[in-house]
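Student: all I have is the shape, not the residue letters:
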Ligand code: F6P
């Protein structure tokens with residue numbers, strides 16, 4: 001079914017109403033202090049509890065009227081209808097003519113029945129694949145699956161890049177306290193030879209298992225790294241006398257130490273991995289939406305199938321909430337709409353994500369692919385140009401490290417950068433420093449930062465502290481720097497699943513308002529093409545060198561002059 005044309009959102013009366021409202025707020029003066037004082041119900045009406053997560057939206061630069069107008073904008077672009085089209089399997093990824101069904105990856109079997117999309121029973125296929133992943137995970141965890149010399153696996157190395165790396169790497173880091181079978185994980189992604197060198201350093205090949213993850217199985221970085229890993233494994237096993245130099249021994253070793261995850265099982269076999277050691281997924285799962293598909297196999301192995309199921313359940317809970325909560329009370333939809341408010345009305349093109357949890361240190365990097373590969377687009381899904389700003393820059397670092405680095409700019413810089421703070425009540429590592437509970441010291445910082453950003457400090461308050469007049473201006477905090485607080489009970493597989501689905505849907509909301517296809521990524525193709533043309537010029541081909549532009553040529557000449565190996 002052809003997709004309806006995107007609404008040109010900037011031409012809608014709802015957009016015009018928001019612009020008028022924005023202009024009025026600017027005239028009246030945006031003041032969180034005043035809004036909090038005038039409306040004692042503000043926090044209650046802008047706080048939403050979703051399962052084990054509390055969302056406090058009250059420190060955003062919005063009034064009840066703003067939210068009302070944003071919800072109307074959401075309805076004008078038929079947010080709810082487009083989400084229904086997505087989960088029904090319509091081809092909302094227009095430029096690749098594909099369904100977008102990551103939500104089907106976490107639909108519980110008992111609720112799903114059969115669900116046929118493009119002739120494929122999606123639910124049956126998902127659960128069949130999950131069953132084989134869980135079976136494999138159990139074998140590795142129990143020691144029934146051994147390396148070629150009969151020793152159980154101790155380290156699992158994921159080889160993949162982009163969506164085939166960032167999700168599993170982030171989730172492993174987030175959940176490693178749940179890794180209870182004595183297995184550790186490592187992640188190789190970069191084609192930079194340093195990455196493979198460092199990640200294989202100190203590993204015992206007899207107890208190492210590689211999972212090669214690539215949706216297409218053509219990605220230069222991943223296939224190069226997989227070949228390197230195979231060479232590393234076979235050389236090390238031969239050097240140690242663990243296998244002989246025969247083809248058969250090599251084949252047997254590869255079959256015990258390599259498994260694959262891909263939609264392209266033919267290329268997996270061509271690489272030399274037995275297809276019975278491969279887990280499939282499908283074209284309707286975008287790379288950056290794939291951590292809950294077979295791409296998460298390493299998580300099922302290291303954390304165990306039960307934890308992986310909890311992770312999927314958290315994602316499904318968020319899907320269910322997003323799909324069944326009216327926009328007015330839907331924290332997820334409101335977060336997406338508020339982001340549009342900042343991008344297109346406040347002209348704020350940067351968005352910080354600040355996890356107050358060290359285990360979430362890779363979460364901002366994960367979100368960068370999810371949000372920026374999805375919404376960094378200049379044309380709508382029918383090819384017409386957008387006429388508003390899209391796709392803000394997402395970035396961040398865990399608190400409190402960020403406080404001692406870039407928070408200066410958040411508090412007193414000339415640009416307004418909305419921030420999402422993510423914290424949890426409980427820690428798996430409760431500690432005291434003398435009388436002081438360290439988690440409370442940490443959480444005190446999270447709360448202090450959102451408060452300082454919102455309410456600031458006036459010149460009079462600074463003076464009252466006895467500050468000399470000439471440095472008063474430097475010590476004033478104007479406040480009104482927006483933030484959302486997401487406060488969870490604990491970081492668990494379930495709540496991590498919720499957080500991932502939350503940002504997937506925020507990305508959907510923003511993309512839908514802008515009328516763009518959030519599920520293609522043509523912008524990464526040109527660089528890949530050019531790399532193929534340029535690489536020969538580095539060492540061999542003067543003809544390839546001559547074809548380059550003057551700047552590229554000069555950089556290659558510098559390389560040729562200085563290469564020392
Ligand atoms: O180059 C971008 C990209 O296509 C991402 O969208 C994807 O996650 C990544 O490359 C890896 O692709 P694959 O899983 O096919 O190796």
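Tutor: That came through fine. In this text the structure is predicted, and so the values were computed from the model without any measurement.
Student: report pLDDT for residue 112.
Tutor: Looking at residue 112, its pLDDT reads 65.
Student: what does the stretch 151-300 of the chain put close to the ligand?
Tutor: Contact residues, the stretch 151-300 of the chain versus the ligand (C-beta under 6 Å from any ligand atom): 161, 162, 163, 164, 214, 215, 216, 219, 222, 287, 288. Every residue, glycine included, has its C-beta placed from N, CA and C.
Student: state the pair within these that is farthest apart.
Tutor: Greatest spatial distance among those (C-beta to C-beta): 222 and 288, at 15.2 Å.
Student: rewinding a little: now render the residues of the stretch 151-300 of the chain next to the ligand as TSV, adding secondary structure and neighbour count.
Tutor: Formatted as TSV, those follow (DSSP: H, G, I helix; E, B strand; the rest coil; neighbours: other C-beta atoms under 10 Å):
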residue	secondary structure	neighbour count
161	coil	21
162	helix	20
163	helix	25
164	helix	30
214	coil	29
215	coil	25
216	coil	14
219	coil	20
222	helix	25
287	helix	25
288	helix	26
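Student: find the closest residue to the ligand in the stretch 451-565 of the chain.
Tutor: Ranked by C-beta to the nearest ligand atom, the top residue of the stretch 451-565 of the chain for proximity to the ligand is residue 524, at 3.9 Å.
Student: compute the number of surrounding residues for the closest residue to the ligand within the stretch 351-500 of the chain.
Tutor: Residue of the stretch 351-500 of the chain nearest the ligand, by C-beta to the nearest ligand atom: residue 373 (5.8 Å). A total of 22 residues lie near residue 373 under the criterion other C-beta atoms under 10 Å.
Student: state the distance from it to residue 342.
Tutor: 20 Å (C-beta to C-beta, to the nearest Å).
Student: same check, this time on residue 94
Tutor: Noted for residue 94: a distance of 27 Å to residue 342, by C-beta to C-beta.
Student: which one's more surrounded, the two?
Tutor: residue 342 (21 against 17).
Student: low-confidence regions, the chain specifically.
Tutor: Low-confidence segments of the chain (pLDDT under 70): 1, 112.
Student: how about a cut-off of 90?
Tutor: 1-4, 109-115, 399, 539-542, 565 (pLDDT under 90).
Student: which parts of it sit against the ligand?
Tutor: The chain has residues 161-164, 214-216, 219, 222, 287-288, 373, 521, 524 near the ligand, with proximity defined as C-beta under 6 Å from any ligand atom.
Student: between those, which is nearest residue 6?
Tutor: Residue 6 lies nearest to residue 521 out of the residues of the chain next to the ligand, by C-beta to C-beta, at 18.3 Å.
Student: tally of neighbours for that closest one?
Tutor: By other C-beta under 10 Å, 21 other residues sit near residue 521.
Student: what sits against residue 556?
Tutor: The neighbours of residue 556, taking C-beta atoms under 8 Å, 6 or more residues apart in numbering as the test, are 534, 537, 538, 545, 548.
Student: hmm, try it at 10 Å
Tutor: The contact partners of residue 556, by C-beta atoms under 10 Å, 6 or more residues apart in numbering, come to 534, 537, 538, 539, 544, 545, 548.
Student: then residue 196?
Tutor: Contacts for residue 196 (C-beta under 10 Å, 6+ apart) come out as 157, 159, 188, 189, 190, 224, 225, 226, 228, 229, 232.
Student: swap in 6 Å and give it another go.
Tutor: Residue 196 is in contact with 188, 225, 228, counting by C-beta atoms under 6 Å, 6 or more residues apart in numbering.
Student: residue 266 sits in which helix or strand?
Tutor: Element membership for residue 266, per DSSP states H and E: helix 265-271.
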